[in-house]
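> Next comes the sequence, and after it the predicted model I'd like to discuss.
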Amino acid sequence: MSTRRTVVTRYPTPATRGAEDPRANPVTTRDTMAAARRVVIKIGSSSLTTATGLDVAAIDRLVDVIAELRGRGTQVVLVSSGAIAAGFPHLGLDRRPKDTATQQAAAAVGQGRLLAHYTHSFGRHETEVAQVLLTAEELMRRTQYTNAHRALARLLTLDVMPIVNENDAVATREIRFGDNDRLAALTANLVKADLLVLLSDVDALYTGHPSRPDSRRIPVVATDADLEGVDVRVPGSAGVGTGGMVTKVDAAGIAATTGIPTLLTSAPNAGSAFAGEDVGTWFEATGRRRSARAAWLGLTAEVRGQLVIDDGAVAGAIDRGRSLLAAGITGLSGRFTPGDVVEILDATGRVLARGLVQYSSSQLPPMLGRSTSDLKEDLGAGYDGVVVHADDWVRLAPPRR
Ligand SMILES: Nc1ncnc2c1ncn2[C@@H]1O[C@H](COP(=O)(O)OP(=O)(O)O)[C@@H](O)[C@H]1O
Ligand SMILES: N[C@@H](CCC(=O)OP(=O)(O)O)C(=O)O
């Protein structure tokens with residue numbers, strides 16, 4: 001046994017621990033949509049713009065639906081695309097630019113016009129609006145994520161209408177959201193919404209491209225099996241949206257795994273959907289609600305490394321919701337420091353969870369596979385053997401049967 005003592009910097013225990021949100025979601029089926037206390041509504045470029053710029057009549061119709069919801073006491077956060085599509089006609093371009101710099105310029109021009117019209121339109125309902133521009137990079141950092149959470153929560157308590165978009169003018173090329181569907185799902189988690197509504201230029205998810213005569217509306221997606229054979233590959237024809245149905249199905253999947261159901265329909269159907277009519281596609285929630293912190297860990301945070309664990313640690317820590325000890329770790333990769341986010345993989349390479357690691361990638365190698373009592377001798381009596389605390393990881397893959 002070595003008597004060398006290693007100086008170990010540990011990640012401080014956060015004051016606010018607690019993984020699962022105890023609030024049950026009152027929205028379980030389409031019929032219970034009206035019970036939503038907080039809704040995130042996302043509207044795509046194709047529904048807000050024409051070839052010549054903003055479709056002000058379409059914006060006014062959406063704003064009227066939101067005003068009615070707010071009148072009933074439902075809090076709404078709007079995620080609105082449309083900055084690039086609203087901007088490019090004013091730069092003398094006849095189609096959406098493809099290069100990042102011109103997209104950024106178009107977004108910078110269009111975002112002002114977009115917000116100007118929302119301000120005017122919500123003004124008809126004596127409602128103040130607030131512009132919140134987010135980047136994927138910021139949301140990966142815990143401090144900025146918490147700041148965004150706090151700002152949105154405050155706006156809602158002040159009865160202001162937050163209008164979120166990606167901060168296209170500064171978003172870095174490599175990690176842009178690009179489309180706003182995923183941003184909307186993450187925003188729904190950020191504000192702990194009961195419901196996500198995705199409004200597009202198509203009234204529902206179809207079994208194939210809606211222009212095909214054999215395509216049928218899918219009214220409900222309860223499990224992945226309902227998506228088998230569904231063709232979502234062809235993008236929209238409007239030429240201004242970005243992700244087509246792929247990103248909408250992905251976004252609904254993210255929301256579902258965190259306990260938030262999604263309704264996907266067209267903007268003109270928004271009113272009927274909230275009136276309880278059978279329109280669009282309803283994606284059921286499949287997972288449990290998560291705290292904003294757990295959602296950040298599981299969905300948004302930047303991953304700095306990987307820990308590979310043995311079967312004993314899968315059964316003893318991950319399957320039982322316990323802390324991960326050095327004894328169960330067989331390998332690691334990446335460069336990380338205490339407090340960084342790492343993925344936890346089983347021996348086959350399956351990503352089981354993500355967590356905040358307590359030691360750096362340079363401290364861990366001599367600790368791997370060693371028992372807590374053995375390590376205590378090296379590291380001191382204060383060492384508790386925990387590499388990822390039970391409160392600091394979230395499960396990503398379901399348990400194996
Ligand atoms: N299986 C499908 N069901 C419905 N729409 C589909 C499907 N596959 C592709 N699409 C296309 O996806 C488009 C919507 O995506 P997109 O243009 O990115 O909209 P938005 O601007 O609202 O984000 C629809 O107009 C439709 O043409
Ligand atoms: N942030 C961009 C959104 C890009 C986009 O086209 O999104 P979407 O229409 O939702 O597929 C914008 O405002 O133009």
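Noted; the coordinates are in hand. Ligands and ions are numbered 1, 2, ... in the order given.
> can you map out the strands along the stretch 301-401 of the chain?
303-309, 324-325, 329-334, 341-345, 351-356, 386-388, 393-395 (DSSP state E, counting those that start in this stretch).
> pLDDT below threshold where in the stretch 251-400 of the chain?
Counting by pLDDT under 70, the ranges of the stretch 251-400 of the chain that qualify are 397-400.
> quick one: contacts for the residue in the stretch 251-400 of the chain that ligand 2 sits nearest to?
Distances between the stretch 251-400 of the chain and ligand 2 by Cβ to the nearest ligand atom are smallest at residue 251, namely 9.7 Å. Placement of C-beta: from N, CA and C, glycine included. In this structure, residue 251 makes contact with 42, 181-182, 184-185, 196, 198, 262, judged by Cβ atoms under 8 Å, 6 or more residues apart in numbering.
> Tell me the pLDDT of the residue of the stretch 1-150 of the chain found nearest ligand 1.
Residue nearest to ligand 1 within the stretch 1-150 of the chain: residue 44 (2.0 Å; Cβ to the nearest ligand atom). The model reports residue 44 with a pLDDT of 94.
> Let me see the contact set for it.
Residues counted as contacts of residue 44 (Cβ under 8 Å, 6+ apart) are 81-82, 179-181, 198-201, 241.
> Show me how to select, in PyMOL, the buried members of these.
Here the buried members of these are turned into a PyMOL selection, burial being counted by 16 or more other Cβ atoms under 10 Å:
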select buried, resi 81+82+179+180+181+198+199+200+201+241
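> Counting only helices, which of the contacts of residue 44 make the cut?
Within the contacts of residue 44, residues falling in helices by DSSP state H are residue 181.
> got the contacts of residue 44 as JSON lines, with pLDDT and distance to residue 170 columns?
Output for the contacts of residue 44, formatted as JSON lines (pLDDT from 0 to 100; distance: Cβ to Cβ, whole Å):
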{"residue": "81", "pLDDT": "95", "distance to residue 170": "17"}
{"residue": "82", "pLDDT": "94", "distance to residue 170": "18"}
{"residue": "179", "pLDDT": "81", "distance to residue 170": "17"}
{"residue": "180", "pLDDT": "91", "distance to residue 170": "16"}
{"residue": "181", "pLDDT": "92", "distance to residue 170": "20"}
{"residue": "198", "pLDDT": "97", "distance to residue 170": "25"}
{"residue": "199", "pLDDT": "97", "distance to residue 170": "26"}
{"residue": "200", "pLDDT": "93", "distance to residue 170": "26"}
{"residue": "201", "pLDDT": "92", "distance to residue 170": "28"}
{"residue": "241", "pLDDT": "60", "distance to residue 170": "22"}
